[in-house]
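S.K.: got a structure for you, letters missing:
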C-alpha cells in the first residue's frame, strides 16, 4: 500500500477515535449484520432474559410464560428458572413492560454492542489523557476498529440470544466501570465504579475480578486524601456487597441454597452430560481443554470442531501487542493490575465445563477484553502503523466466516 492510500484510510479511520462517531459506525455495521439472520427487530427463540423480566414484573422468580424452547433452562420443583445472573433481565424490564416478551433481543444487543464500541473509544481517550497509556489518535482509532470488527464482539453483538446478550451487556458494565474510575473525581468515581462493577457481577459473576484494576487505580489516585479514602472505599464496595447479598437471597429463594445457581437442574446439551456427571460444572479437568480451544486451536476452515472455539491471538493478532505492553511496563503497577484482572477473570473461565460452545473464536475471552485492550494500547505505539493496519485487516477477515455462520 502506498503512502497516499494509507493516509486517506487513516483520515477516515480517525473518526472512530471519537465516541459519537464510533457508536454510529458500530450501530450501522451491527444493524446491517443482524439482517443476515432475518429482521433486525426479531426475537430469538432463546431470548430467555425477556421471560425472566416478565416474571419479575409479575412478582415471581420462576418463568410465568414458558418459551417455545426450554434448552439450557433450569427445571426445579415444577418451575423453569434461569441459571444466569439476573441483571440483563432487570435492565430489560422497562422494555418488556412496554412491548412484552416479544421485545427484540437482537436489536437490544445491537444497541448495547454499538455502545460498547463507543465506550472503548472513550476509555482509550481518557486513558491516554491521564497518561495510563501512550497511544495517539490514529493508534486509538485503529484499536477501536479492531475491537469492533476483529474480535469475538463482532458476532456477539448482532445476533441476540441469552448467552450473547449477557456477555455484551457485561462488557458494557466493565467498560463503564473503567471509564468512571479514570474520568470521574472524588467520591463520584468510587460510587459509580462500584455500581458498575456490581452490575457486571450480577451479569456474569466472575466479571467482578476485572475490578482489580479500578480498585487499585482509585486507591492510588486518592492516596493523598487518606482521611476520606476509607469512606470512599466503603461507598465503592457497598453496591457490590448489597447486590451480592441480594443475589444470594435470590438463589436461596429459588433453590433453597444461596450458592446454587441452578446449574445442576439445567437442561444441558447431551454433549456435556458425561463430563458433568464425572467432574461437575467446575473442575481442573477442563483446564487443558479450555486452554487449547481459547489459545491454540485454529478454527479455519470451519468444521464441527470449530464451534469449540479458536485461538485468541491467532484470530485477533493485534492482541500480540499486549505482550509488548507487558514487556515495556512490567514495573508499572497499572500493567500489573491489568494482568491480575485478566488472570483472575480467566481462572473460572478455564475451569468451567464447556469452552463457550457453540461459538466461533474464544467468546469467553470477551470477559477480560477491557484490561487486555489496555495492555494492547500500552504496547502499540510507536510500532509501525502499517503493521497495525495489516494485523487489523487480518483480524477482521478471519472473523467474517464466524459472522456468517451465526447469521
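M.R.: In hand now; what should we look at? These figures come from a predicted structure and were not determined experimentally.

S.K.: next, residue 201: phi, psi?
M.R.: phi -60, psi -40 (degrees, to the nearest 10).

S.K.: find the nearest non-adjacent residue to it, please.
M.R.: Among residues not flanking residue 201 along the chain, residue 208 sits closest, at 4.1 Å (Cβ to Cβ, 6 or more residues apart in numbering). C-beta coordinates here come from the backbone N, C-alpha and C atoms, glycine included.

S.K.: and residue 257, by the same measure?
M.R.: Nearest non-adjacent residue to residue 257, counting by Cβ to Cβ, 6+ apart: residue 251, 6.5 Å away.

S.K.: tell me how many other residues crowd the one you found.
M.R.: 20 (other Cβ atoms under 10 Å).

S.K.: buried ones in the helix or strand containing it?
M.R.: For residue 251, the element it lies in under DSSP states H and E is helix 226-255. Applying a neighbour-count criterion of 16 or more other Cβ atoms under 10 Å, one finds 232-233, 236-237, 239-240, 243-244, 247, 250-251, 254-255 buried in helix 226-255.

S.K.: what number of residues lie near residue 13?
M.R.: When neighbours are counted by other Cβ under 10 Å, residue 13 comes out with 18.

S.K.: quick one: it from residue 139, how far?
M.R.: Counting by Cβ to Cβ, to the nearest Å, the gap between residue 13 and residue 139 amounts to 10 Å.

S.K.: re the thing from before, off-centre distance for the helix holding residue 251?
M.R.: 22 Å (Cα atoms, centre = their mean, to the nearest Å).

S.K.: name the helices or strands packed onto it?
M.R.: With contacts taken as 3 or more Cβ pairs under 8 Å, 6 or more residues apart in numbering; DSSP states H and E, helix 226-255 sits against helix 186-201, helix 212-221.

S.K.: pull out the buried residues from the helix or strand just after that helix.
M.R.: Later in the chain than helix 226-255, the nearest helix or strand by DSSP H and E is helix 270-279. Within helix 270-279, the residues that count as buried by 16+ other Cβ under 10 Å are 275-276.

S.K.: likewise stretch 96-110?
M.R.: Residues 96, 101, 103-110 are the ones in stretch 96-110 that count as buried (16+ other Cβ under 10 Å).

S.K.: next: stretch 208-225.
M.R.: 208-218, 222.

S.K.: likewise stretch 123-142?
M.R.: 123-128, 132-135, 137-142.

S.K.: quick one on the thing from earlier: make a markdown table out of the helices and strands packed on helix 226-255 and add distance to residue 398.
M.R.: A markdown table is the format used below for the helices and strands packed on helix 226-255 (distance: least, Cβ to Cβ, whole Å):
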| stretch | distance to residue 398 |
| --- | --- |
| helix 186-201 | 28 |
| helix 212-221 | 28 |
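
S.K.: wait, residue 220 sits on residue 333?
M.R.: Yes: counting by Cβ atoms under 8 Å, residue 220 touches residue 333, with 7.0 Å between them.

S.K.: what's the first-to-last distance across stretch 355-373?
M.R.: 22 Å (Cα to Cα, to the nearest Å).

S.K.: then stretch 68-88?
M.R.: From start residue to end residue, stretch 68-88 stretches across 20 Å - Cα to Cα.

S.K.: contacts for it, please.
M.R.: Residues outside stretch 68-88 that contact it (Cβ atoms under 8 Å, 6 or more residues apart in numbering) are 45-46, 48-49, 52, 56, 61-63, 66-67, 89, 162, 165-166, 169, 173, 199, 201-205, 247, 250, 254-255, 261-263, 265-269.

S.K.: any quick ChimeraX command for the buried ones out of those residues?
M.R.: A single ChimeraX command selects the buried members of the contacts of stretch 68-88 (16+ other Cβ under 10 Å):
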select :46,48,49,52,56,61,62,63,67,89,162,165,166,169,173,199,201,202,203,204,205,247,250,254,255,261,262,265,266,268
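
S.K.: on that earlier part again, which of the buried residues of stretch 96-110 lies closest to residue 30?
M.R.: Among those, residue 110 lies closest to residue 30 (Cβ to Cβ), at 4.6 Å.

S.K.: what sits against that closest one?
M.R.: Contact analysis of residue 110 by Cβ under 8 Å, 6+ apart lists 27, 30-31, 34, 40, 157-158.

S.K.: and the nearest residue to residue 291 once chain neighbours are set aside, helix, strand or coil?
M.R.: In space, and not counting its chain neighbours, residue 291 is closest to residue 350: 6.1 Å by Cβ to Cβ, 6+ apart. Following DSSP: H, G, I helix; E, B strand; the rest coil, residue 350 is assigned to helix.

S.K.: what count of nearby residues applies to residue 350?
M.R.: Neighbours around residue 350, by other Cβ under 10 Å: 19.

S.K.: so it makes contact with residue 285?
M.R.: No: at 11.0 Å, residue 350 does not count as touching residue 285 under the criterion of Cβ under 8 Å.

S.K.: measure stretch 74-91 end to end?
M.R.: 21 Å.

S.K.: report the distance from that stretch to the chain centre.
M.R.: With Cα atoms, centre = their mean, you get 20 Å for stretch 74-91.

S.K.: which residues sit against the one helix or strand residue 21 maps to?
M.R.: Residue 21 belongs to helix 19-34 when assigned by DSSP H and E. Residues outside helix 19-34 that contact it (Cβ under 8 Å, 6+ apart): 15-16, 40, 106-107, 110-111, 113-122, 125, 144, 148-149, 154, 157-160, 403, 407.

S.K.: which of the residues you listed fall within helices?
M.R.: Mapping those onto helices (DSSP state H) picks out 106-107, 110-111, 113-122, 125, 144, 148-149, 154, 403.

S.K.: hmm, which of the residues you listed are the buried ones?
M.R.: Applying 16+ other Cβ under 10 Å to these flags 106-107, 110-111, 113-122, 125, 144, 148-149, 154, 403 as buried.
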